[in-house]
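Asker: With the sequence up front, the predicted model follows.
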Amino acid sequence: MVEVQDADLQTGDILRFELGASEHGGTVVWEHCGHAGVEFFRHLPPELVTLLGFKPGKTPFDEYQPRDRFGRPLPALSTRTRAGL
């Protein structure tokens, strides 16, 4: 997530970031009240993510149960395809 207080972003917009000596880009996947979720084109190095503010806990990230903004656990994703619904 990035803070974009004065930007008029919409889902699907392409963003480019200069982070230190490297350049990264991504697509806006959601936006709300000056914040936007970004799907980066390539993975950010863990050191950069930590530098930008993510503080990893003792549990590996892949073992966390996804939660909504209110802390409620999200349901597991369906293994069925859209065509099978």
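Answerer: The structure has been received and is ready for your questions. Numbers count the residues shown, from 1 in each chain.

Asker: can you give me the helices for the chain?
Answerer: 46-51 (DSSP state H).

Asker: residue boundaries of the strands in it?
Answerer: Listed in chain order, the strands of the chain (DSSP state E) span 2-3, 14-19, 22-32, 35-40.

Asker: Contacts for stretch 8-21 next, please.
Answerer: 2, 23-31, 36, 38, 48, 52 (C-beta atoms under 8 Å, 6 or more residues apart in numbering). Heads up, the C-betas are built off the backbone N, CA and C, glycines and all.

Asker: how about CSV for the residues you listed, with pLDDT and neighbour count added?
Answerer: Below are the contacts of stretch 8-21 laid out as CSV (pLDDT from 0 to 100; neighbours: other C-beta atoms under 10 Å):
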residue, pLDDT, neighbour count
Val2, 83, 16
Glu23, 89, 9
His24, 88, 17
Gly25, 91, 12
Gly26, 92, 19
Thr27, 94, 14
Val28, 92, 19
Val29, 92, 12
Trp30, 90, 12
Glu31, 88, 19
Ala36, 88, 21
Val38, 90, 21
Leu48, 79, 14
Leu52, 75, 11
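
Asker: can you tell me which of these lies nearest to Arg67?
Answerer: Nearest to Arg67, judged by C-beta to C-beta, of the contacts of stretch 8-21 is Trp30 at 16.0 Å.

Asker: what about the closest one, distance to Gly53?
Answerer: 19 Å (C-beta to C-beta, to the nearest Å).
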